[in-house]
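Enquirer: Provided below for reference: sequence and predicted model.
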Amino acid sequence: MPRTEATGRPRATRPPAALSAQAVKTGAKTATRAASKAAATAVERPRQTVLVLQGGGALGAYQAGVYAALHEGGIEPDWVIGTSIGAINAAIIAGNEPGERLARLESFWQQVEQASHGLGVAGPWEAMTRGVGPAWLSMWNQAWSSSLANARTVVQGIPPFFTPNPQAWLGLHAQLGVEQAAWYQTTPLRHTLGALVDFKRLAQGKMRLTVGAVNVRSGQMHYFDSRDRRLAVDHIMASGALPPAFPAVRIDGEPYWDGGVYSNTPIEAVLDDKPRRDSLIFAINLWPPGGPEPESIWQVMGRSKDIQYASRADSHIARQQQIHRLRHVIRELAREVRPERADAPEVKSLADWGCGTTMHVVRLLAPRLDGEDHTKDIDFTAAGIRARWQAGYADASAALARGAWREPCDPIDGVVVHEAPPRARAPRAP
């Protein structure tokens, strides 16, 4: 169990203080725990458990909620791979002892939480109108409060994460260099990660960590992998360096930006990994690929952003399903080769393209919140973080209770996708 830093005494794992609403501790939580533990026992070795985390700023609270449910269900990933905020969450998970991971995630999300009344207007108004008048008045107030908090984030940044870059005032054409040409500076994040992630533990390889970043000069995606090299805070920072908000981070002499610029869904790195292994993959997506037809410019901005950062997740998996099915077909065909030909070099070379691994992909998608818009990825309000954490916890608990990967599947299928049932728009937590 996590221990308090001051006393070292055990304390219960729970969502952050702002997230510990009664809704998280209802009977549903108790009811799913037994099923979650049963699902955990179904994860057979040498099958690996993988957690794949998209980028999405404040939406990443959903991923933290998913991990909380996995942790309580007794499932700890063997490999965590992420981009942007997904890389930050992944580093905190992989860079700590199992009993400290949830507490460190809580600490990060508590630190970046923004008060919804930061400009001194929404808070008093919200207090006066809560529970008074028609429902539309409450919804309008929530939207107004969230908008003010988001405006504060744009103007002031988030002190433990990023702060305004004074050099940006020199103008759009000022030659600042790629490591300074940004609206904000991320030095605070470097200190925050240094306090929350044990990079010495990462180097021990007890849990594999992979983070994606794109090379600014070549435009090529690069996955920094703890299996192949020692990872440092710069690798995590590079994966979250989304331009033009954040500056590039230089690694081995090369500048890197947020991997989401190139591919925000790093699942292809898992499915292409060698040597191939049977896997249970929890793919946590933050951006809905589908959505209603927008009717205003404001809605168009939100819908286009969803499509951009959903990052062809569906097509990635569909392609991998085809590839892995062909590998299984090759394996079956190789079994039909006459014994006198099976050892021929050319036959063995072709047969090597086959494999028998099965990868179960459990896809979870963060729900839309009431009143959210295209600025939702900077919605670091307590209500926004709490609602997304709770949604992630609920969705993962339900997935563990179903345990769809335990059901029989066609042996010729190499990639089996388990979709979570569609859910309604989630309410914003009070």
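Expert: Cool, got the structure. Numbering: from 1, shown residues only.

Enquirer: how about the helices in the stretch 251-400 of the chain?
Expert: Ranges of helices in the stretch 251-400 of the chain, per DSSP state H, counting those that start in this stretch, are 267-271, 297-310, 313-334, 339-342, 345-351, 382-402.

Enquirer: Name the residues that touch the following helix or strand past the last one?
Expert: Looking back up the chat, that one is helix 382-402. Per DSSP states H and E, the first helix or strand lying C-terminal to helix 382-402 is strand 415-419. Strand 415-419 is contacted by residues 271, 317, 320-321, 324-325, 358-363, 399, 402, 404-405, 409 when judged by C-beta atoms under 8 Å, 6 or more residues apart in numbering. The way it works is simple: take the backbone N, C-alpha and C, and place the C-beta from them, glycine included.

Enquirer: Please spell out the PyMOL selection for the buried subset of these.
Expert: Selection of the buried residues among the contacts of strand 415-419 in PyMOL, burial being defined by 16 or more other C-beta atoms under 10 Å:
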select buried, resi 271+317+320+321+324+358+359+360+361+362+363+399+402+404+405
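
Enquirer: what's the most buried one of the helices of the stretch 251-400 of the chain?
Expert: A comparison of the helices of the stretch 251-400 of the chain by mean neighbour count, using mean count of other C-beta atoms under 10 Å, puts helix 382-402 on top with a mean of 24.

Enquirer: Just want the angle from that helix to strand 415-419.
Expert: Counting by axes from the mean of the first three to the mean of the last three C-alpha atoms, to 10 degrees, helix 382-402 lies at 120 degrees to strand 415-419.

Enquirer: and Arg327, what does it touch?
Expert: Trp353, Gly354, Cys355, Gly414.

Enquirer: per-residue confidence at the residue of the chain positioned farthest from its centre?
Expert: What lies farthest from the middle of the chain is Glu340; by C-alpha atoms, centre = their mean that is 50.4 Å. Reading off the confidence values, Glu340 has pLDDT 86.

Enquirer: In space, what's closest to Gln372 - neighbours in sequence excluded?
Expert: Quick fix: residue 372 reads Glu, not Gln. Here the nearest residue to Glu372 in space, its sequence neighbours aside, is Asp379; by C-beta to C-beta, 6 or more residues apart in numbering that works out to 6.8 Å.

Enquirer: burial count for the one you found?
Expert: 27 (other C-beta atoms under 10 Å).

Enquirer: still on that earlier bit, can you say which of the helices of the stretch 251-400 of the chain is nearest to Arg104?
Expert: Arg104 sits nearest to helix 382-402 of all the helices of the stretch 251-400 of the chain, at 14.5 Å, using C-beta to C-beta.

Enquirer: Report all helices and strands that that closest one contacts.
Expert: When contacts are defined as 3 or more C-beta pairs under 8 Å, 6 or more residues apart in numbering; DSSP states H and E, helix 382-402 sits against helix 27-41, helix 61-72, helix 135-156, strand 279-285, strand 359-365.

Enquirer: In its sheet, which strands sit next to the helix or strand that the third one is followed by, and in what direction?
Expert: Think helix 135-156. Per DSSP H and E, the first helix or strand lying C-terminal to helix 135-156 is strand 163-164. According to DSSP bridges, strand 163-164 forms sheet pairs with strand 184-185 (antiparallel).

Enquirer: what is the rounded mean pLDDT of whichever helix or strand comes after the partner strand?
Expert: Next helix or strand after strand 184-185 toward the C-terminus (DSSP H and E): helix 187-196. In this model, helix 187-196 has a mean pLDDT of 96.

Enquirer: buried set for the helix or strand following helix 187-196?
Expert: Sequence-wise, the next helix or strand downstream of helix 187-196 (DSSP H and E) is helix 199-203. For helix 199-203, burial by neighbour count (16+ other C-beta under 10 Å) applies to Phe199, Leu202.

Enquirer: Could you do stretch 98-107 as well?
Expert: Residues of stretch 98-107 classed as buried by neighbour count (16+ other C-beta under 10 Å): Glu100, Arg101, Leu102, Ala103, Arg104, Leu105, Glu106, Ser107.

Enquirer: I'd assumed Pro159 was in contact with Trp186.
Expert: I think there's a mix-up here, since residue 186 is Thr and not Trp. No: with contact defined as C-beta atoms under 8 Å, Thr186 does not count as touching Pro159 (11.7 Å).

Enquirer: which of these two has more neighbours?
Expert: Neighbour count, other C-beta under 10 Å: between Thr186 and Pro159, Thr186 has more, with 23 against 12.

Enquirer: and the more buried one, how far is that from Gly240?
Expert: Relative to Gly240, Thr186 is positioned 8 Å away (C-beta to C-beta, to the nearest Å).

Enquirer: that older thread, any chance of the helices of the stretch 251-400 of the chain in TSV, plus distance to Ile284?
Expert: Shown next, in TSV, are those (distance: least, C-beta to C-beta, whole Å):
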stretch	distance to Ile284
helix 267-271	10
helix 297-310	13
helix 313-334	11
helix 339-342	43
helix 345-351	36
helix 382-402	7
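
Enquirer: ok so, going back, now, which of the buried residues of stretch 98-107 sits nearest Gly253?
Expert: Arg104 (31.3 Å).

Enquirer: List the residues that contact that closest one.
Expert: Counting by C-beta under 8 Å, 6+ apart, Arg104 touches Ile92, Asn96, Leu196, Val197.

Enquirer: Output these as JSON lines; include the columns neighbour count.
Expert: Formatted as JSON lines, these follow (neighbours: other C-beta atoms under 10 Å):
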{"residue": "Ile92", "neighbour count": "28"}
{"residue": "Asn96", "neighbour count": "21"}
{"residue": "Leu196", "neighbour count": "20"}
{"residue": "Val197", "neighbour count": "25"}
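
Enquirer: and the nearest residue in space to Leu209 that is not next to it in sequence, what does it touch?
Expert: Of all residues not flanking Leu209 in the chain, Ala94 sits nearest, at 4.0 Å (C-beta to C-beta, 6+ apart). Neighbouring residues of Ala94 by C-beta under 8 Å, 6+ apart: Val80, Leu202, Met207, Arg208, Leu209, Ser226.

Enquirer: Could you identify the most distant pair in the residues you listed?
Expert: Farthest pair in those (C-beta to C-beta) is Val80 and Leu202. Separation: 10.6 Å.

Enquirer: where do the contact lists of those two overlap?
Expert: Common neighbours of Val80 and Leu202 (criterion: C-beta under 8 Å, 6+ apart): Ala94, Leu209.
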